[in-house]
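Chemist: Fold the following and give me the result.
(2 chains, ligands or ions: 6)
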Amino acid sequence: MSEPALLEVRALDVHFSVRGPGLLPSRLTLRAVDQVSFDVRAGEVLGVVGESGCGKSTLSRALLKLIPATGGSVRLRGVELTTLPKAAMRPLRRSMQMIFQDPLASLDPRMTVGEIIAEPMKALLPAMGRVEREQRVLRTMQQVGLLPAQINRYPHEFSGGQAQRIGIARALVVEPQLVICDEPVSALDVSIKSQIINLLLDLRAEHGLTYIFVAHDLATVRHIADRVMVLYLGRVMEITDRDALYARPLHPYTRLLLSAVPIPDPALARRRRVAPAREELPSPLALPSGCAFRTRCPLADARCVAERPVLREIDGRYVACHHAEAAAA
Amino acid sequence: MAASLLEIRNLAVRFTTGDGPVYAVNDLDLEVRRGEVLGMVGESGSGKSQTWLAIMGLLAKNGRAEGSVRLGGEEILNLPQRALTRLRGERMAMIFQDPMTAMNPFLTVGRQMTEVLEWHRGMSRREARARCIGALESVHITDAARRLSMYPHEFSGGMRQRVMIATALLTEPQLLICDEPTTALDVTVQAQILALLDELRQRFGTAIVLVTHDLGVIAQLADRVIVMYAGRQVEQAEVHTLYGAYRHPYTEGLLRSVPRLDQPRSARLATIPGRPPDLARRPAGCPFEPRCAYASEICRRQMPPLVSLGDAHLRACHYDGALGPQERGA
Ligand SMILES: Nc1ncnc2c1ncn2[C@@H]1O[C@H](COP(=O)(O)OP(=O)(O)OP(=O)(O)O)[C@@H](O)[C@H]1O
Ligand SMILES: Nc1ncnc2c1ncn2[C@@H]1O[C@H](COP(=O)(O)OP(=O)(O)OP(=O)(O)O)[C@@H](O)[C@H]1O
Ligand code: SF4
Ligand code: SF4
Ligand SMILES: [Mg+2]
Ligand SMILES: [Mg+2]
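Modeler: Ligands and ions are numbered 1, 2, ... in the order given. As a prediction, the model looks like this:
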């Protein structure tokens, strides 16, 4: 723990107030991100995985202040971001970029691809000349597997995977230090996906980039991440080095996730096909008492109902579970 | 062999752009049978989505489809909008790749869902609401009643995807086209959605088209698989044959690029070298030629036709030798 972390997140909360049902609806609190703490070290890739709706995108957006946090702290190289005024945030924007999950929806339909990719450079690197900007646009397009000939086309003229690559190019073109990638490769075919992952890792090797990599594809995360954070209903369940996590997941939820990964082999996939459990999924509008995972956990007992497990260290890993030792043994 | 529900013959989709025409789908022949899951995989930008959008009558304004598509024997390609709207509500439905752009941001999710039933099934608002709650629960959205009064942007990416699946199922279509139905879903919810699709085809004989980049999902659910490259079908086979005995170099590249959890982690992921094809050009020969390790002289000159290798296995390639890493020399 010698080097200070690039990003320190402490007890971060993002709560939404949503309408309840009925004619005179009451407001309900939706805890999308609930007391989340973690560090990101310079030059590492932190994978973030977890169920759909567990708060991965909300967390990503809150780190960049695209939505306000309702509590907690986010520090970039020691500078507190949550209270930073807008003007002071501006210079930091260049060092932190985001690749958005919904590729088409995040691109301005009236701008050409070339304009979209050039825009962050205009805003964040105003001194750069037009020629250099154009060269950079072309180079980045090639890096992500877009054809330079497509530079004057509009986003809706692209396929889902091509639109995703436009988003990746737009984030990488300003050479940021930290890139938050929200499902960056989900719409890509496996070959382009591998090409983008290799590119991200090359950029890290060359320029020391740091990534937060949100994905639901655990095989891809194993490939790119150094450490992995597992979220469930807005809470951190486990943060562990990649190899340890995949070899021996300690948290019961991590084990469930790993056991459900589809295998790209029809014989194996069909033999293993288990009827998925129809267990009751809890709602972020009414979190269970104690451990959020207890309604689906095979190890749950009275303590799990009564007491919320804190994230604690076991064998150099961080796990929020009362009975993690049972899995460690 | 089950009867075919949908027959596609010679389908072509072309777009007009500022830079000239884009040939997105070319000479496509295939059929979808009742009760089967037909998988479609392929390069990003190879015409998978446009194939199905054309069939649904939902191409962008600058797009045009030609050829023939028969649903239960009846020609449906380029029908007038009215007839198409009816077909879409009653016999076929599509789950779109980009859920956010397919939903109306100004209407609550409940309104968008109940409208389908009021419009196509003549249900009362109340009846429709009850059905929608059930449909949301079947795709594992909790607090379904409350969720109905929320707007699309208040849902996570994966939840929007599930709302679309639930909406598509409301009218119990004969043909369900799923374009990347599980891309935003984590593995546990994905497993549930796949089980739901499997149940549909078994219980109602629904024909399901599954377009996805996830070769694990295809391996689990598809009966037959179509592989697309550059707007063309390059291979078609029963699922076990495709994974075990593929005969097209592009299929090989695709299968070898998949990172797998049940195998050791490699330092660098395999990719298919070279650039994606430019669909504004129409090469005389095989579109995969610039990237193909097996290419020879004829590949540059002559487009390989899709031919049968027997056992319902088709492929479009001139190369007759064995595929596989051992033959590659390097
Ligand atoms: N603007 C909003 N208003 C109300 N609730 C919201 C809003 N944005 C997100 N939520 C809720 O917060 C929770 C977390 O959503 P989020 O998009 O962060 O999930 P996610 O982990 O990214 O899921 P996915 O994998 O499906 O993309 C969900 O229950 C969602 O409905
Ligand atoms: N409106 C349009 N105008 C011009 N070209 C278009 C238009 N829509 C799609 N295209 C082009 O048609 C080709 C086929 O697109 P399609 O969306 O079918 O790809 P896809 O196989 O579904 O890819 P992905 O896996 O990335 O979703 C792409 O190369 C795309 O750029
Ligand atoms: S704390 Fe209890 S319920 Fe939660 S994961 Fe651990 S054993 Fe399961
Ligand atoms: S036809 Fe030739 S270039 Fe095309 S895939 Fe076969 S061997 Fe390769
Ligand atoms: Mg998300
Ligand atoms: Mg598509």
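
Chemist: Spit out the contact partners of the residue most central in space within chain B.
Modeler: Chain B has B:Val211 as the residue nearest its centroid, 2.4 Å off, counting by C-alpha atoms, centre = their mean. Taking C-beta atoms under 8 Å, 6 or more residues apart in numbering or on different chains, we find B:Val211 in contact with B:Gly39, B:Met40, B:Val41, B:Lys48, B:Ser49, B:Trp52, B:Gln97, B:Ile177, B:Cys178, B:Asp179, B:Glu180. For glycine as for every other residue, the C-beta is placed from the backbone atoms N, C-alpha and C.

Chemist: Throw together a PyMOL command that grabs the buried residues out of the residues you listed.
Modeler: Command for PyMOL that selects the buried part of these, burial taken from 16 or more other C-beta atoms under 10 Å in any protein chain shown:
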select buried, chain B and resi 39+40+41+48+49+52+97+177+178+179+180
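
Chemist: mind listing which of the contacts of B:Val211 are in strands?
Modeler: B:Gly39, B:Met40, B:Val41, B:Ile177, B:Cys178, B:Asp179 (DSSP state E).

Chemist: So which of these is the closest to ligand 2?
Modeler: Set against ligand 2, the nearest of the ones in strands among the contacts of B:Val211 by C-beta to the nearest ligand atom is B:Asp179 (7.1 Å).

Chemist: partner residues bridging that closest one?
Modeler: Beta-bridge pairing for B:Asp179 (DSSP bridges): B:Val211.

Chemist: so what's it scoring on pLDDT?
Modeler: The model reports B:Asp179 with a pLDDT of 93.

Chemist: didn't A:Ser52 look like it was pressed against B:Arg160?
Modeler: No. In this structure, A:Ser52 is not within contact of B:Arg160 by C-beta atoms under 8 Å, at 9.6 Å.

Chemist: and the longest helix out of those in chain A, average pLDDT?
Modeler: What stands out as the longest helix in chain A, according to DSSP state H, is helix A:190-207. In this model, helix A:190-207 has an average pLDDT of 89.

Chemist: what do you get for stretch A:289-308?
Modeler: Averaging pLDDT along stretch A:289-308 gives 94.

Chemist: which one is A:Val137 nearest to, not counting chain neighbours?
Modeler: Using C-beta to C-beta, 6 or more residues apart in numbering or on different chains and skipping the chain neighbours, the partner closest in space to A:Val137 is A:Ile117 (4.8 Å).

Chemist: For my notes, confirm that neighbour occurs in a helix.
Modeler: Yes. Counting by DSSP: H, G, I helix; E, B strand; the rest coil, A:Ile117 is found in a helix.

Chemist: who's in contact with it?
Modeler: By C-beta under 8 Å, 6+ apart, the contact set of A:Ile117 is A:Val137, A:Thr140, A:Met141, A:Ile166, A:Ala169, A:Arg170, A:Val173.

Chemist: which among the residues you listed end up buried?
Modeler: A:Val137, A:Thr140, A:Met141, A:Ile166, A:Ala169, A:Arg170, A:Val173.

Chemist: Show the backbone phi and psi for the closest residue to ligand 5 within chain B.
Modeler: In chain B, the residue that lies nearest ligand 5 is B:Gly157 (4.1 Å; C-beta to the ion). Backbone torsions for B:Gly157, taken as degrees, to the nearest 10, come to phi -50, psi -50.

Chemist: And the strands in the chain?
Modeler: Using chain A here. Assigned by DSSP E, the strands in chain A fall at A:7-19, A:27-40, A:45-50, A:71-76, A:79-80, A:96-99, A:178-182, A:210-214, A:227-232, A:235-241, A:312-314, A:317-319.

Chemist: try again with chain B
Modeler: Going by DSSP E, chain B shows strands at B:4-17, B:20-33, B:37-42, B:63-71, B:74-75, B:92-95, B:175-179, B:207-211, B:224-229, B:232-238, B:307-308, B:314-315.

Chemist: And the ones in strands among the contacts of B:Val211, which is closest to B:Leu11?
Modeler: B:Met40 (13.0 Å; C-beta to C-beta).

Chemist: ok now do that closest one, which residues does it touch?
Modeler: For B:Met40, the contact set (C-beta under 8 Å, 6+ apart) comprises B:Lys48, B:Thr51, B:Val209, B:Leu210, B:Val211, B:Thr212, B:Val225, B:Ile226, B:Met228.

Chemist: Among the buried ones among the contacts of A:Ile117, which are located in helices?
Modeler: The helices, defined by DSSP H, take in A:Val137, A:Thr140, A:Met141, A:Ile166, A:Ala169, A:Arg170 from the buried ones among the contacts of A:Ile117.

Chemist: how close does the second one get to A:Arg153?
Modeler: Separation of A:Thr140 from A:Arg153 (C-beta to C-beta, to the nearest Å): 16 Å.

Chemist: And the pLDDT for residue 28?
Modeler: You didn't pick a chain, so chain A it is. 84.

Chemist: my bad, chain B
Modeler: For B:Leu28, the model assigns a pLDDT of 97.

Chemist: which residues touch it?
Modeler: B:Ile8, B:Asn10, B:Leu11, B:Ala12, B:Gly47, B:Thr51, B:Gly67, B:Arg232, B:Gln233.

Chemist: Please tell me I have it right and the fifth one contacts B:Phe15.
Modeler: No. Counting by C-beta under 8 Å, B:Gly47 stays clear of B:Phe15, with 10.7 Å between them.

Chemist: Show me which of those two is the more surrounded one.
Modeler: B:Gly47 (28 against 20; other C-beta atoms under 10 Å in any protein chain shown).

Chemist: burial measure for residue 12, as a count.
Modeler: Chain wasn't specified; assuming chain A. Neighbours around A:Leu12, by other C-beta under 10 Å: 24.

Chemist: oops, chain B please
Modeler: As a measure of burial, B:Ala12 has 17 neighbours, counting by other C-beta under 10 Å.

Chemist: try B:Val307
Modeler: 10.

Chemist: The one 5 residues further on too?
Modeler: Taking other C-beta under 10 Å as the criterion, the count of residues near B:Ala312 is 12.

Chemist: Chain neighbours aside, what residue packs nearest to it?
Modeler: Closest to B:Ala312 by C-beta to C-beta, 6+ apart is B:Glu238, at 6.1 Å.

Chemist: Okay, that neighbour and A:Ala286: tell me how far apart.
Modeler: 46 Å.

Chemist: Those two: who's more crowded?
Modeler: More neighbours surround B:Glu238 than the other of B:Glu238 and A:Ala286, with 17 against 13 (other C-beta under 10 Å).

Chemist: ok, now which ones touch the spatially most central residue of chain A?
Modeler: Closest residue to the average C-alpha location of chain A: A:Val214 at 2.6 Å, with C-alpha atoms, centre = their mean. Neighbouring residues of A:Val214 by C-beta under 8 Å, 6+ apart: A:Gly47, A:Val48, A:Val49, A:Lys56, A:Ser57, A:Ser60, A:Gln101, A:Ile180, A:Cys181, A:Asp182, A:Glu183.

Chemist: Switch those over to TSV; also include neighbour count, distance to chain B and pLDDT.
Modeler: TSV is the format used below for these (neighbours: other C-beta atoms under 10 Å in any protein chain shown; distance: C-beta to the nearest C-beta, whole Å; pLDDT from 0 to 100):
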residue	neighbour count	distance to chain B	pLDDT
A:Gly47	26	13	97
A:Val48	28	11	97
A:Val49	27	7	94
A:Lys56	29	8	94
A:Ser57	25	6	94
A:Ser60	23	11	96
A:Gln101	26	5	85
A:Ile180	28	15	97
A:Cys181	26	14	95
A:Asp182	23	8	94
A:Glu183	24	6	89
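
Chemist: Neighbours of B:Arg300, how many?
Modeler: Neighbours around B:Arg300, by other C-beta under 10 Å: 13.

Chemist: was I right about it contacting B:Glu289?
Modeler: Yes. Between B:Arg300 and B:Glu289 there is a contact at 5.6 Å, judged by C-beta under 8 Å.
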